[in-house]
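> A structural model of the following input is requested.
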Amino acid sequence: MAQKMQFTKARIEALEPVPGKRLTVYDEGQKGLCIRITPAGAKAFYCVRKVEGRVEWIRIGDADAVKIEAARTRAAEIINDIARGTNPAEQRRQKKAEMAFSDLFAAWVKDGQTKGKKSLGNDERNYRLHLQGIAKKKLSGITREQVRTLHTKISSGSGEYQANRVLELISAVFNFSIHVLDMAGINNPAAGIKANREKSRERRLHPDEMPRFFEALATEPNRDMRDYFVLSLLTGARRSNLLAMTWAEVNLVRKTWTIPGLKAKAGETITVPLTTAAIEVLENRKDIMGGKGWVFPSTGKTGHLVEPKTAWKRLLQRADIKDLRLHDLRRSLASFQIDAGVSLAVIGKGLGHHSQQTTAVYARLAQDPVADAWQKGTDAIMVAAGLKKTAEVLPMKKKRSHA
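Next up, the predicted model:
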């Protein structure tokens, strides 16, 4: 017999999930209204009616987002629509069946924002750069062969690693339509497509390339690009974190940059030591910009700098450096630290690496050895670039005078 009760906020909050199956409880205050609880504990309101011999489950909304009285009102409206010959469930199925990939991706992004998904920035960038060819296609019109061809094209144009990330994104978005939106008749066209075999990348800036790299930086006409590339190298930070860096996260007195857990890949706060050279770059930017908001502001949608692809290509051409990616600068700092004799555990703490094997070691480390490691790494970089001798720094630009 169906379980019923008078819906109240307290009673709904007290409902516990049942392992292995969905629990359905009906409201005594409104005919057809029920709440369903998944085994994972998610709760949502539905209106259940029999239409033309078929039981229709019409979703009203999540229980934590829709008030009980609003759910009752909506259930009554659905029942009236059905009495007038309209089937809201069928209308919804038809609408979803006609949804374009761009619409589905927008819904997926909105869901990810609600859940605090940290990789959305990369996902939106991959969508913008690689998925415009299928963005306007209806979901039913996107085939496995089209996705396979796209994967092959990206592999040859942007690299095998990037192609795999785009393939994973397509698969995740379609799985969202199937398992979260309950879209009937939709198949995942990315399922079964073999990803590229990935090899660990070992590219770094080598000591003999450093002078050319810094010479090219010195002639970069865009100050934002120049400062961004220098800080990428001197902090070893991930691209997404540095692009979204704010002055509120920077403490020039303590010489630290604190990346909050909401921005960090592993969800834990990262304290990045700021070396002498990094402080100099930031102090000069602060003098010019006032030290509020984004460190690298932009007039675009995000409000901060995004995708410095053109400037990076321009820099590498001037420096005559091949096959170097922005992320390789992060690896370069770590490699110079290793060359300077810094332990892997200390390096991992400053870079924000996270794993079961190393977390306990990182947690016991003080910040002092990490800061010292960053100074050693950047000192080695400056020596290789010809900007520093063994003890005395050769200035990149005129130092500011302090009263």
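> And stretch 259-273, end to end?
For stretch 259-273, the first-to-last residue distance is 11 Å (Cα to Cα, to the nearest Å).
> mind listing what's buried in it?
By 16 or more other Cβ atoms under 10 Å, the buried positions in stretch 259-273 come out as 259, 263-265, 270-273. Heads up, the C-betas are built off the backbone N, CA and C, glycines and all.
> Out of those residues, name the ones that lie in strands.
Under the assignment DSSP state E, the buried residues of stretch 259-273 contribute 259, 270-273 to strands.
> Who are the contact partners of residue 135?
Contacts for residue 135 (Cβ atoms under 8 Å, 6 or more residues apart in numbering) come out as 100-102, 105, 127.
> swap in residue 332?
Shown in contact with residue 332 (Cβ under 8 Å, 6+ apart): 204-205, 233, 381.
> and with 7 Å instead?
When contacts are counted by Cβ atoms under 7 Å, 6 or more residues apart in numbering, residue 332 touches 204-205, 233.
> Please parse this protein into its domains.
3-88, 101-179, 207-385 (automatic domain parsing).
> For residue 194, find the nearest of the ones you listed.
Ranking the domains of the chain by proximity to residue 194 (Cβ to Cβ) places domain 101-179 first, at 8.8 Å.
> what's the farthest-apart pair in the ones in strands among the buried residues of stretch 259-273?
The distance between the two most remote of these (Cβ to Cβ) is 12.1 Å, for 259 and 273.
> what about residue 143, how many residues close to it?
13 (other Cβ atoms under 10 Å).
> Generate a PyMOL selection restricted to the buried subset of the contacts of residue 135.
Per 16+ other Cβ under 10 Å, the buried members of the contacts of residue 135 correspond to this PyMOL selection:
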select buried, resi 100+101+105+127
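> My read is that residue 143 contacts residue 191, right?
No. Judged on Cβ atoms under 7 Å, residue 143 makes no contact with residue 191 at a distance of 12.0 Å.
> and residue 2, how many neighbours does it have?
Residue 2 is flanked by 8 other residues according to other Cβ under 10 Å.
> next one: the one 5 residues further on
Counted with other Cβ under 10 Å, the neighbours of residue 7 add up to 23.
> Give me the distance between the closest residue to it other than its chain neighbours and residue 9.
Ranked by Cβ to Cβ, 6 or more residues apart in numbering and with sequence neighbours excluded, the top spatial neighbour of residue 7 is residue 27, at 4.5 Å. For residue 27, the distance to residue 9 equals 13 Å [Cβ to Cβ, to the nearest Å].
> who has more neighbours, the two?
Ranked by neighbour count (other Cβ under 10 Å), residue 27 and residue 9 place residue 27 first, with 20 against 10.
> So what sits opposite that one in the bridge?
With DSSP bridges as the criterion, residue 27 is bridged to residue 5.
> show me what contacts it?
7, 33-34.
> Narrow these to those in strands?
Here DSSP E is the test, and these give 33-34 as lying in strands.
> can I get the contacts of residue 27 in CSV with pLDDT?
As requested, the contacts of residue 27 are exported to CSV (pLDDT from 0 to 100):
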residue, pLDDT
7, 96
33, 97
34, 96
